[in-house]
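S.K.: next input, structure requested:
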Amino acid sequence: MSTDATTTPTPRADGAGTEPTGRSVLVTGGNRGIGLAIARAFLAAGDKVAITSRSGEGPEGVLAVKADVTDSDSIDAAFAEVEAAHGPVEVLVANAGITHDQLLLRMSEQDFTSVVDTNLTGAFRVVQRATKGMMRLKKGRIVLVSSVVGLLGSPGQVNYAASKSGLVGMARSITRELGSRGVTANVVAPGYIDTEMTQNLDEDLKKQYKTSIPAGRFAQPEEVADVVTWLSSDQAAYISGAVVPVDGGLGMGH
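M.R.: Residues are numbered from 1 along each chain as shown. Have a look, this model is predicted:
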């Protein structure tokens, strides 16, 4: 049975089923695009929100910390700063990512390894650091931001698809390891999203992309944020190891 927004749920004895207010939330890569929309959604819900960015800059109302997900020392320092300000991270959204698109025969090893190190190993670094606090709290929410490309594949994106597909195995392994500790780990797989990157595409190309999407349009970043915040709520406490597409039907069946 669900409760409405004005009801205060009764905490469970194990502490895993409460709907806390003012949770400590960390969103990596939360200074633009989907990450920014996610950070703002948690902020609007009354959570204490921190973001990481390479510049250390972020929107008003959030704690912005400088961090590079390819550097473990940088991640540890960022977490220490967030924990000092907001307490142990209770909700982690691993969103930071890059692309270096190139056809397979032209893709350099550096193109491949740099994308995997940021998108996949970077997620491992932040998840591993966050779970230390979650295990002590005996609760936590982990959401990994993947992509429909990780499920469908895409020409010129062998590196990106591999990194985003790997997040699925990561979430499911975390679920099997930490599910009994009140920690959930899920994957959100966005399709084409109306961000600065897609806005700069040629109009004919955008029309071509939209014809492949059953919904016939690109998603708004806020639509991805809605799914992330729901997966991080008590309403999704019994959902873990899932892959939730936000793609207008583009990747259905995968």
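S.K.: buried stuff in stretch 46-63?
M.R.: Residues Asp47, Lys48, Val49, Ala50, Ile51, Thr52, Ser53, Gly58, Val62, Leu63 are the ones in stretch 46-63 that count as buried (16 or more other C-beta atoms under 10 Å). All C-beta spots, glycine's among them, are computed from the backbone N, C-alpha and C.
S.K.: quick one: average pLDDT of it?
M.R.: What stretch 46-63 shows for mean pLDDT is 94.
S.K.: strands along this structure, start to end?
M.R.: 24-28, 48-53, 63-66, 91-94, 140-145, 183-190, 243-246 (DSSP state E).
S.K.: okay, and the helix or strand of the protein with the least pLDDT?
M.R.: Sorted by mean pLDDT, DSSP states H and E, the helices and strands of the chain end with helix 196-199, the least confident at a mean of 76.
S.K.: burial measure for the residue nearest to Pro88 when sequence neighbours are not counted, as a count.
M.R.: Distance criterion C-beta to C-beta, 6 or more residues apart in numbering; nearest residue to Pro88, sequence neighbours excluded, is Gly133 at 3.2 Å. Look at Gly133: counted by other C-beta atoms under 10 Å, it has 18 neighbours.
S.K.: how close does Gly133 get to His86?
M.R.: Distance of Gly133 to His86, computed by C-beta to C-beta, to the nearest Å: 11 Å.
S.K.: kindly report the same for Pro190.
M.R.: 26 Å.
S.K.: so between these two, which is more surrounded?
M.R.: Neighbour count, other C-beta under 10 Å: between Pro190 and His86, Pro190 has more, with 26 against 19.
S.K.: surely that one is in contact with Asp226?
M.R.: No - the criterion here is C-beta atoms under 8 Å, and Pro190 misses it with Asp226 at 11.7 Å.
S.K.: where do the helices sit along the protein?
M.R.: Here the chain has its helices, by DSSP state H, at 33-44, 72-86, 109-116, 122-137, 149-152, 158-178, 196-199, 203-211, 221-231.
S.K.: least reliable of these going by mean pLDDT?
M.R.: helix 196-199 - the lowest mean pLDDT of these, at a mean of 76.
S.K.: correct me, but Ala37 touches Asp226?
M.R.: No - applying C-beta under 8 Å, one finds Ala37 not in contact with Asp226, separated by 9.1 Å.
S.K.: show me which of those two is the more surrounded one.
M.R.: Ala37 (22 against 15).
S.K.: measure the more buried one to Leu137 for me?
M.R.: Counting by C-beta to C-beta, the gap from Ala37 to Leu137 is 26 Å.
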